[in-house]
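Enquirer: Can you look at this prediction? I've put the sequence above it.
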Amino acid sequence: MKKEIRILGIDDMPFSFGDEKVDIVGVVMTGGTYLEGELKTTIDVDGTDATQKIIEMVEKTKHRKQLKIIMIDGIALGGFNVVDGYEIYEKTGLPVITITRNKPDMKKIKEALKKHFDDWQERWKIINRKETEEIKLRYPAYVKYFGLSKEDVEDIVKLSTIRGAIPEPIRVAHLIATGIKKGESRGRC
């Protein structure tokens, strides 16, 4: 795996559940070491537009031709605005990795979807399109991936992670998102 690989890392800004909209931040990084650019778009809290907004973000950026991988902090942004990694991969041609530090509690996720959404079955279907897999590098992380082998995912996560379990493109997107919203970056991805 080339160290110069361009990765788009995406995370959402902090929000309150009374909010209708939330911004998502994307950062373009070379591996895990050099910040090339920052992108931003807005999605509906608990909506269904995150997938399309990410596709538009990718297609409109001046960095499009250099991008090789998309990494997203989890399978949903802005609450339960579920991200369809397979659709993003199909429409952009870029492999997608969703990654979290903690193993998702699928039973609780399903219960929450049933309780709050009439379209819970569609959201659940997208979430379960691919199994969550554990990868162990320095620390365990939980991933879904589209357009890559597990070995490639492990190589890319290892290449782009400097400390901890979260790759720099997602960590930096998180820092920028919280810094913009709260005035100072804080918290863990």
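Expert: Nice, I can see it.
Enquirer: and the gap between I180 and I43?
Expert: For I180, the distance to I43 (C-beta to C-beta, to the nearest Å) stands at 15 Å. For the C-beta atoms, the positions are set from N, CA and C on the backbone; glycine is no exception.
Enquirer: Comparing these two, which shows the higher neighbour count?
Expert: Neighbours were counted for I180 and for I43 using other C-beta atoms under 10 Å; I43 has more, 24 against 15.
Enquirer: so who does that one touch?
Expert: Residues counted as contacts of I43 (C-beta atoms under 8 Å, 6 or more residues apart in numbering) are D12, K21, V22, D23, I24, D49, A50, K53, L77, G78, N81.
Enquirer: Just the ones in helices from these, please.
Expert: A50, K53 (DSSP state H).
Enquirer: Now the buried members of the contacts of I43.
Expert: D12, V22, D23, I24, A50, K53, L77, G78, N81 (16 or more other C-beta atoms under 10 Å).
Enquirer: Low-confidence ranges, this protein, go.
Expert: 1-2, 186-189 (pLDDT under 70).
Enquirer: Tell me which residue is most central in this structure.
Expert: Geometric centre of the chain, nearest residue: I72, 1.1 Å, by C-alpha atoms, centre = their mean.
Enquirer: Give the bridge partners for that residue, please.
Expert: I10, T98 (DSSP bridges).
Enquirer: hang on, it packs against G85?
Expert: Yes - counting by C-beta atoms under 8 Å, I72 does reach G85; the two are 7.3 Å apart.
Enquirer: what's the longest helix that the chain contains packed up against?
Expert: Longest helix in the chain, counting residues (DSSP H): helix 168-182. Under the contact criterion of 3 or more C-beta pairs under 8 Å, 6 or more residues apart in numbering; DSSP states H and E, helix 168-182 touches strand 6-12, strand 21-30, strand 67-73.
Enquirer: Specify the angle between the longest one and strand 6-12 in degrees.
Expert: Put plainly, it is strand 21-30. Put simply, strand 21-30 runs at 160 degrees to strand 6-12, going by axes from the mean of the first three to the mean of the last three C-alpha atoms, to 10 degrees.
Enquirer: mind saving the C-alpha coords of strand 21-30 as PDB?
Expert: Taking C-alpha atoms only, strand 21-30 is exported to PDB below (Å, rounded to 0.1, in the frame of the first residue of the first chain):
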ATOM      1  CA  LYS A  21     -29.700  19.800  10.200                       C
ATOM      2  CA  VAL A  22     -26.100  18.900  11.000                       C
ATOM      3  CA  ASP A  23     -22.900  19.600   9.100                       C
ATOM      4  CA  ILE A  24     -20.600  16.800   8.100                       C
ATOM      5  CA  VAL A  25     -16.900  17.500   7.600                       C
ATOM      6  CA  GLY A  26     -14.600  15.700   5.200                       C
ATOM      7  CA  VAL A  27     -10.800  16.000   5.300                       C
ATOM      8  CA  VAL A  28      -8.500  14.900   2.500                       C
ATOM      9  CA  MET A  29      -5.300  13.500   3.800                       C
ATOM     10  CA  THR A  30      -2.300  11.800   2.300                       C
END
